[in-house]
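> Fold the following and give me the result.
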Amino acid sequence: MLTNLACTMSDWETIGPLLHGTARAWRQKLDERLKPMGLSQAKWRTLLHLSLAPEPLTQTEIAARLGVEEPTVVTLLHRLEKEDWITRRNSPRDRRCKEVLLGWRAQRIIAQIQTAADELRHELLAGIPASELRTCIKVLTQICEKAERRDEARRMVTPSVRLRQNGQNSDAYPNTRKRARRRVPRRSQ
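Now for the predicted structure:
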């Protein structure tokens with residue numbers, strides 16, 4: 001499929017779909033290997049990020065690393081906590097945040113996840129010359145850094161608007177967002 005794509009598009013047009021397709025195929029292969037352990041892709045990716053982090057991650061940090069919205073992560077973390085894969089605790093740095101830690105069940109299986117990931121990496125990269133891998137890594141790193149710099153610049157330019165309790169934003173302008181109307185139950189006749 002990707003080779004047909006490469007024949008019909010220029011190199012500039014091919015890079016995005018190729019990056020996406022490669023990452024997706026790689027995750028699916030690892031997903032197949034981890035499914036017998038009772039791990040869906042959402043679960044093993046979350047556990048892997050937690051195991052690689054030097055310190056506990058917050059729910060917001062996990063959402064950013066997984067590339068999903070925070071409400072999605074909260075639902076996932078609730079399920080993982082219920083199944084003893086993780087534990088959550090209040091952050092000692094910020095009481096509004098929850099830190100997420102690997103639970104007893106995950107600590108036993110994380111080495112198996114990493115072994116499966118290592119085996120897959122060796123299989124998929126076998127036969128590719130080291131010089132080509134280094135070039136690929138260099139190019140991907142440059143693309144990633146450029147994308148992150150642009151995201152950073154956009155965040156610095158776009159100020160966040162915080163609402164005060166009186167319905168005005170921090171610039172003292174009224175909040176123009178519509179508020180949900182309270183439903184009044186109808187009386188039966």
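
> chain center to stretch 24-42: distance?
Offset of stretch 24-42 from its chain centre (CA atoms, centre = their mean, to the nearest Å): 15 Å.

> Can you find the helix or strand of the chain with the lowest average pLDDT?
Lowest on mean pLDDT, DSSP states H and E among the helices and strands of the chain sits helix 2-8, with a mean of 53.

> quick one: average confidence on the strand or helix carrying Ile137?
Element membership of Ile137, judged by DSSP states H and E, is helix 130-157. Mean per-residue pLDDT for helix 130-157: 87.

> in that helix, what's buried?
Judged by neighbour count (16 or more other CB atoms under 10 Å), helix 130-157 contains no buried residues. C-beta here means a position set from N, CA and C on the backbone, and glycine is covered the same way.

> And for stretch 113-123?
Residues 113, 116-117, 120 are the ones in stretch 113-123 that count as buried (16+ other CB under 10 Å).

> Now, these that are in helices?
113, 116-117, 120 (DSSP state H).

> All the strands of this structure, residue numbers only.
Along the chain, the stretches classed as strands by DSSP state E are 57-58, 86-90, 98-102.

> Could you tell me which residues make contact with the residue most central in space within the chain?
Centrality entry for the chain: nearest residue to the mean C-alpha point is Leu66, 0.6 Å, by CA atoms, centre = their mean. Contacts for Leu66 (CB atoms under 8 Å, 6 or more residues apart in numbering) come out as 42, 45-46, 49, 73.

> for these, which one is nearest Leu124?
Arg45 (17.4 Å; CB to CB).
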